[in-house]
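# need a 3D model of the sequence below.
(one chain, ligands or ions: 2)
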Amino acid sequence: MIEDSFNDKFSSDFKIIAGPCAIENEETTYKVANCLKKMGLKYIRGGAFKPRTSPKSFQGLGERGLKILKNAAKENDLITVSEIMDPRNVDMACEYLDIIQIGARNMHNYPLLKEVGKTDKIILLKRGFGATIEEWIQASEYIRLEGNESIILCERGIRTFEPQMRNTLDIAGVSYLKKHYGYNVILDPSHGTGKRELIEPMIYVAMALNCEGVMIEIHPEPEKALSDGEQSLSLEQFEKIVGRVREKMKKPLMNKPLR
Ligand code: PEP
Ligand code: MN
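Ligands and ions are numbered 1, 2, ... in the order given. This next block holds a predicted model:
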């Protein structure tokens, strides 16, 4: 069964998927890709089709962005992740991507879910920011029923009355999913909090929840990023955090007596 082998493979270690919010140009993409390779990481993200609130904001480079992402990934032996919004772009995207991301705004885009369900790609399905857990699961069923069982669910925060954070990361919801279903679940603390200083603690939360990994936005110069710079980590900050995460993972889970 595809599901078993995919689930076994995917849940065998903790994944850190990282990259810029948007593919902006070759230079930043290669800087990020080289950095990931140097750190021994395997997954690069970057949006080429950006779902922006304002139609006047940077919309992404489209297919040219996917090309840049694929080339940078190929040179650095990385797996590519990027969002597709339009069902008509799915065939084209398959040439460039290993993992197709369905963004929060498109969790309810059923023609898109059906179309990616016909591919043999891994699908990363983000939770809609107004969607219940049940609606999220049912959205994943649209993909599964077309024959594609390689699905990763990504919690990226929901809208609540709390204005301090960009979104509210529903960690109890993720815990519920992990306890009651066999799904692969990752956390996106970048969109889930909107604050770069909260990303490291949320990585430890993801590990505690038994998640398969995290997705994080990074940029060589966050202050110049064309989107989501305020929540993106610089490459230096990211390297330090991953170093600490690796240290923590090495520690045995044991309470030694102090004396
Ligand atoms: C993204 O990952 O860049 C993105 C747009 O995320 P979301 O769909 O969760 O808002
Ligand atoms: Mn973003």
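# okay, now the closest residue in space to Arg127 that isn't next to it in sequence: neighbour count?
Closest residue to Arg127 apart from its sequence neighbours, by C-beta to C-beta, 6 or more residues apart in numbering: Trp136 at 4.8 Å. Placement of C-beta: from N, CA and C, glycine included. By other C-beta atoms under 10 Å, 22 other residues sit near Trp136.
# so the residue of the stretch 51-200 of the chain found nearest ligand 1 versus Ala48, what's the distance?
With C-beta to the nearest ligand atom, the shortest gap between the stretch 51-200 of the chain and ligand 1 falls at Gly103, namely 3.0 Å. For Gly103, the distance to Ala48 (C-beta to C-beta, to the nearest Å) stands at 12 Å.
# common neighbours of the two, please.
Taking C-beta atoms under 8 Å, 6 or more residues apart in numbering as the contact criterion, the common neighbours of Gly103 and Ala48 are Glu83.
# what is the neighbour count of whatever residue of the stretch 1-150 of the chain ends up closest to ligand 2?
Among all residues of the stretch 1-150 of the chain, Cys21 sits closest to ligand 2, at 3.3 Å; criterion: C-beta to the ion. Close neighbours of Cys21, defined as other C-beta under 10 Å, add up to 24.
# what sits closest to it if chain neighbours are left out?
Asp228 (3.8 Å).
# now do the contacts for that neighbour.
21-22, 190-191, 217.
# show me which of the residues you listed is closest to Ala206.
Ala206 lies nearest to Ser190 out of these, by C-beta to C-beta, at 12.2 Å.
# so which strand or helix has Ile216?
Assigned by DSSP states H and E, Ile216 belongs to strand 213-217.
# packing partners of that strand?
Using 3 or more C-beta pairs under 8 Å, 6 or more residues apart in numbering; DSSP states H and E, the elements in contact with strand 213-217 are strand 15-19, strand 184-187, helix 189-193, helix 199-208.
# quick check: angle from that strand to strand 15-19?
Relative orientation of strand 213-217 versus strand 15-19 (axes from the mean of the first three to the mean of the last three C-alpha atoms, to 10 degrees): 10 degrees.
# partner residues bridging the residue lying closest to the residue of the stretch 51-200 of the chain closest to ligand 1 once chain neighbours are set aside?
Nearest residue to Gly103, sequence neighbours excluded (C-beta to C-beta, 6+ apart): Glu83, at 4.8 Å. Using DSSP bridges, the beta-bridge partners of Glu83 come out as Gln101.
# for Glu83, give me its contacts.
Glu83 neighbours (C-beta under 8 Å, 6+ apart): 47-51, 100-103, 106.
# returning to what we had before: turn the helices and strands packed on strand 213-217 into CSV, including mean pLDDT and mean neighbour count.
Conversion of the helices and strands packed on strand 213-217 to CSV gives the following (pLDDT from 0 to 100; neighbours: other C-beta atoms under 10 Å):
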stretch, mean pLDDT, mean neighbour count
strand 15-19, 97, 25
strand 184-187, 97, 24
helix 189-193, 98, 26
helix 199-208, 97, 18
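# which among those is found nearest to Glu115?
strand 184-187 (20.8 Å).
# can that closest one be found next to ligand 1?
No - remark: strand 184-187 sits outside contact range of ligand 1, by C-beta under 6 Å from any ligand atom, the gap being at least 11.3 Å.
# ok, Phe58 - contacts?
Contacts of Phe58 by C-beta under 8 Å, 6+ apart are 22, 24, 50, 52, 226-227.
# most surrounded residue in those residues?
Ala22 (28 neighbours).
# touching, it and Gly46? I think so.
Yes - the pair Ala22 / Gly46 is scored as a contact, 6.6 Å apart, by C-beta atoms under 8 Å.
# now the common contact residues for the two.
Counting by C-beta under 8 Å, 6+ apart, the residues touching both Ala22 and Gly46 are Gly65.
# what ranges does the stretch 1-150 of the chain have for its strands?
15-19, 43-45, 79-83, 99-102, 122-126 (DSSP state E, counting those that start in this stretch).
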